[in-house]
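In: what's the 3D shape of this:
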Amino acid sequence: MALYNHVRDKEELVDLMVDLMLGEVDCSASQGDWAAQLRALVCSYHQVLSAHRGLARIYSVGVRLGPHGLLMMERALGLLLQAGFSPPDAANAFFALYTYTVGFHQMGHIATLNAPTPDNGTDDQLPEPMAKYSMALPAEQIPSVGAVGAHLGGVRRKGGFEYGLDTLLTGLRVKLAPSGAADTTAKEGVS
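Out: You can find the predicted model right below:
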């Protein structure tokens, strides 16, 4: 096959395609503090994964890191180190953001939380089946599900990604705040 005159095998082709996709991530945000710049980077990453769902699915299984992926990693780690995180904490923060973002997309492919109906609608629809389903459940047995059921549309619900990302970034700010540098020691009894 002529294609394999340019690449060794299917795995190399997939690696190149994924790296090309990652080249669309905007790593240039410079407005605001480290967290605002990191948020812009991760949101761009999220948008690129959303635009290329098929490649995002392959990417979550594992590919070799290419030049664009390395540039994105360098930018994120640089922001974390400049903020004052130690190298181990910068790595942990990076992987928390990375696994959250990739996991968000992986869950969007395999498990949208909806009521058991034949047609759960499209990505853009509100979780109406889940709202109706949860309202019909016995409130005395599962009151919490009934109370929030209208909001349980799974990972594709509007604003869901940003809520999780902002929660992670808030946690990173708190971790950094006490001494001006992130604390790598675990609290007693907490792992």
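
In: so what's L71 up against?
Out: Each residue near L71 by CB atoms under 8 Å, 6 or more residues apart in numbering is listed here: C27. Every C-beta, even on glycine, is put in place using the N, C-alpha and C of the backbone.

In: and the lengthiest helix in the chain, how far from the chain's centre?
Out: Criterion DSSP state H: the longest helix present in the chain is helix 87-110. With CA atoms, centre = their mean, to the nearest Å as the basis, helix 87-110 stands 5 Å off its chain's centre.

In: packing partners of it?
Out: helix 34-51, helix 53-61, helix 67-83, helix 160-176 (3 or more CB pairs under 8 Å, 6 or more residues apart in numbering; DSSP states H and E).

In: what mean pLDDT does the third one get?
Out: Read that as helix 67-83. When pLDDT is averaged over helix 67-83, the result is 96.

In: how is this structure carved up into domains?
Out: 7-111+156-176, 113-154 (automatic domain parsing).

In: what's the least confident stretch among the ones you listed?
Out: domain 113-154 (a mean of 65).

In: before we move on, back to that, and the domains of the chain, which is most packed in?
Out: Ranked by mean neighbour count, the domains of the chain are led by domain 7-111+156-176 with a mean of 16 (mean count of other CB atoms under 10 Å).

In: about what we covered before: what angle separates the longest helix of the chain from helix 34-51?
Out: On the basis of axes from the mean of the first three to the mean of the last three CA atoms, to 10 degrees, helix 87-110 is oriented at 30 degrees to helix 34-51.
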